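Colleague: got a predicted model here, sequence first, then my questions.
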Amino acid sequence: MSEGDSQKAKLRGLRQSVDALLRNPGTFYDPEIALEYFKAYNRAASELKAAFPDVLSDLPDRPIPRSRGASEFEGRGYIPRHFLERLIRDINYIFSVLNPDATRSGETVDVSKLTFRQILKSITPAQAWAVAGALILVVSLVATGGYKLGALVTRMVSKDGAQVGSPLSNDVPDVTAKAMPIRAGTIIATHYPTGELFAVDPIAGSLQLLSARLGEPSGLAIRGNGEIIVLDGEHGVILAVHPRTGHHRYVGAYRWGSPPRDLTLASDESALVAVDGAVITVDLDSGESAVVASGDLLKGASGIAQTHSDMILVTTLPDALVSVSRIDGSIAVVSKGGEIWYPRAPTIESTTKVLLGTAGTPAAVVRVDLETGGQEIVATGPFHTVAGLAIEADGSILVADNGRGAPGDGFLARIDPATRRVDILVSAQTSGWKFVNGRSVAVFARTIGLE
């Protein structure tokens, strides 16, 4: 038995066990079982890292996660699904590095469970050349841009020839919205715990899965052509999701030393990304990025929007809204303190008004006057942590609430602009526990048909 074979065999068995656990419905898992999987992974991964230090130097350490929500009333708590999905990605990364000849052995190297042999059998010569070109680009990026191979190694072309380009997967499982038109007014929302993107019926609140395996989606916008732009905060990349098929492709990455917090589209449809201490612009066609502004006033950046006059607005923790000029990068405080506490999701309401979401007691949707800095509470409702906002055609305000961190206390709500009444549109209870934490939300302005 060659060096590391025993550890690799353990990881194969562990991957099968975790995958079997993830086949069960639900978002949260028994910590006693999940934590044993993490301990087994850490033991095997540590031994492999010691045996192959040259090729596994970038292997991330996965500390044993603490179960959440545990108390004398709730028992042992729970482990979120995305922790276990990340464990599988780490195992696949190990095999992709240790087994570069996987095309001959049939070793699975991706979450989608497709082997290279299966892919090669299903693609045309033209697609094979496209894959080769993509791999050359990946190698170039790794050499020149400092990217970790583990985040980029699995970009592929799917079996039907549609480019998917996720840094994690080359397939989208169980998507129910394929080849279906997206009507004007359809709401889309990210589900942070599971990395999923849902289409939400604006009247019934019913869900359709649009796309999956989006890492940790923490920003959302819609291009003029209907393409959905998602910021994957886990890997620091921007993905474009086809609104009808759910296929997603890599379009760009931020280049800054801190994780991205939020994303919006500028008037020229470039992406503006808020990171801790800076605003980055990313061209969605070329993938090129540049720093718009940086400085102490942008420390703790948590959300971003652009006004009709091309001024950038950034919320910063713990209690400020600042403006950034796209012309000269100058930064100024618009409003600070008062009703603003842990603000997120700045959303343009008019030429002089912006809405913010806050956390705390009480959490609220707050309106800020861009000329005077004045603040007004729009609604407090049942909110805990307002993480996403969007405005519908009739002026209604959609609120994605991330909850308090316990399973099932997040939701998607609507505020009536006239009465300020808050109605829950989607929650864990109404969705059969498919949607338990709201993060980012947007609305389609037009119908995306079947053309």
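Modeller: Now that the structure is in, tell me what you want to look at.

Colleague: where do the helices sit along the protein?
Modeller: Taking DSSP state H as the criterion, the chain carries its helices at 5-22, 31-51, 81-98, 102-105, 116-122, 125-145, 149-152.

Colleague: give the buried residues for the second one.
Modeller: If you call a residue buried by 16 or more other Cβ atoms under 10 Å, then helix 31-51 has these buried ones: 31, 34-35, 37-38, 40-41, 44-45, 48-49. Placement of C-beta: from N, CA and C, glycine included.

Colleague: in CSV, list those along with pLDDT and distance to Asp401.
Modeller: Output for the buried residues of helix 31-51, formatted as CSV (pLDDT from 0 to 100; distance: Cβ to Cβ, whole Å):
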residue, pLDDT, distance to Asp401
Pro31, 64, 25
Ala34, 70, 26
Leu35, 73, 29
Tyr37, 75, 31
Phe38, 76, 29
Ala40, 79, 36
Tyr41, 77, 33
Ala44, 80, 39
Ala45, 79, 36
Leu48, 81, 41
Lys49, 80, 40
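
Colleague: and the gap between Ala428 and Asn437?
Modeller: To Asn437, Ala428 is 9 Å away according to Cβ to Cβ, to the nearest Å.

Colleague: which neighbours do these two share?
Modeller: Counting by Cβ atoms under 8 Å, 6 or more residues apart in numbering, the residues touching both Ala428 and Asn437 are Gly410.

Colleague: more crowded one of these two?
Modeller: Shown here are Ala428 and Asn437; by other Cβ atoms under 10 Å, Asn437 has more neighbours (27 against 18).

Colleague: that one: what's it in contact with?
Modeller: Shown in contact with Asn437 (Cβ under 8 Å, 6+ apart): 191-193, 402-403, 410.

Colleague: residue contacts, the residue nearest to it when sequence neighbours are not counted?
Modeller: Leaving out its chain neighbours, the residue that sits closest to Asn437 by Cβ to Cβ, 6 or more residues apart in numbering is Gly410, at 3.4 Å. Each residue near Gly410 by Cβ under 8 Å, 6+ apart is listed here: 384, 400-403, 427-428, 435-438.

Colleague: now flag whichever of those residues is closest to Ser350.
Modeller: Using Cβ to Cβ, Ala400 comes nearest to Ser350 of these, at 21.2 Å.

Colleague: how near is the residue nearest to Ala293 when sequence neighbours are not counted to Lys299?
Modeller: Sequence neighbours aside, Gly329 is the residue nearest to Ala293 in space, at 3.8 Å (criterion: Cβ to Cβ, 6+ apart). Between Gly329 and Lys299 the computed distance is 16 Å (Cβ to Cβ).

Colleague: same thing with Val322?
Modeller: Distance, Val322 to Lys299, using Cβ to Cβ: 10 Å.

Colleague: shared neighbours of those two, anything?
Modeller: Common neighbours of Val322 and Lys299 are listed as Thr316 (criterion: Cβ under 8 Å, 6+ apart).

Colleague: neighbour count winner among the two?
Modeller: Neighbour count, other Cβ under 10 Å: between Val322 and Lys299, Val322 has more, with 21 against 14.

Colleague: what sits against that one?
Modeller: Counting by Cβ under 8 Å, 6+ apart, Val322 has contacts 297-298, 313-314, 316, 331-334.

Colleague: of those residues, closest to Ala266?
Modeller: If you rank those by distance to Ala266 using Cβ to Cβ, Leu313 comes first, at 12.2 Å.

Colleague: which ones are touching the closest one?
Modeller: 304-307, 321-324, 334, 346, 348, 354, 370.

Colleague: so in terms of bridging, what pairs with it?
Modeller: Using DSSP bridges, the bridge partners assigned to Leu313 are Ala305, Ser323.

Colleague: any chance of a ChimeraX selection covering the buried ones in the contacts of Val322?
Modeller: Command for ChimeraX that selects the buried part of the contacts of Val322, burial taken from 16+ other Cβ under 10 Å:
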select :297,298,313,314,316,331,334
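
Colleague: which of the contacts of Val322 lies closest to Ser218?
Modeller: Distance to Ser218, by Cβ to Cβ, is smallest for Val314 among those, at 14.6 Å.

Colleague: quick one: least confident helix or strand in the protein?
Modeller: Lowest on mean pLDDT, DSSP states H and E among the helices and strands of the chain sits helix 149-152, with a mean of 30.

Colleague: low-scoring stretches of this structure, by residue?
Modeller: Applying pLDDT under 70 to the chain flags the ranges 1-3, 20-33, 58-83, 99-181, 254-257, 405-408, 448-451.

Colleague: domain parsing of it, as residue ranges.
Modeller: Following automatic domain parsing, one finds the domains of the chain at 5-98, 187-443.

Colleague: mind listing what the nearest residue to Met311 once chain neighbours are set aside touches?
Modeller: For Met311, ignoring the flanking residues on the chain, the nearest one in space by Cβ to Cβ, 6+ apart is Ser323 at 5.4 Å. By Cβ under 8 Å, 6+ apart, the contact list for Ser323 reads 311-314, 331-334, 370.

Colleague: which members of those residues are the farthest-apart pair?
Modeller: Counting by Cβ to Cβ, the most remote pair of those is Ile331 and Leu370, 14.8 Å apart.

Colleague: that older thread, tell me the most buried of the domains of the chain?
Modeller: Of all the domains of the chain, domain 187-443 carries the top mean neighbour count, a mean of 20, counting by mean count of other Cβ atoms under 10 Å.
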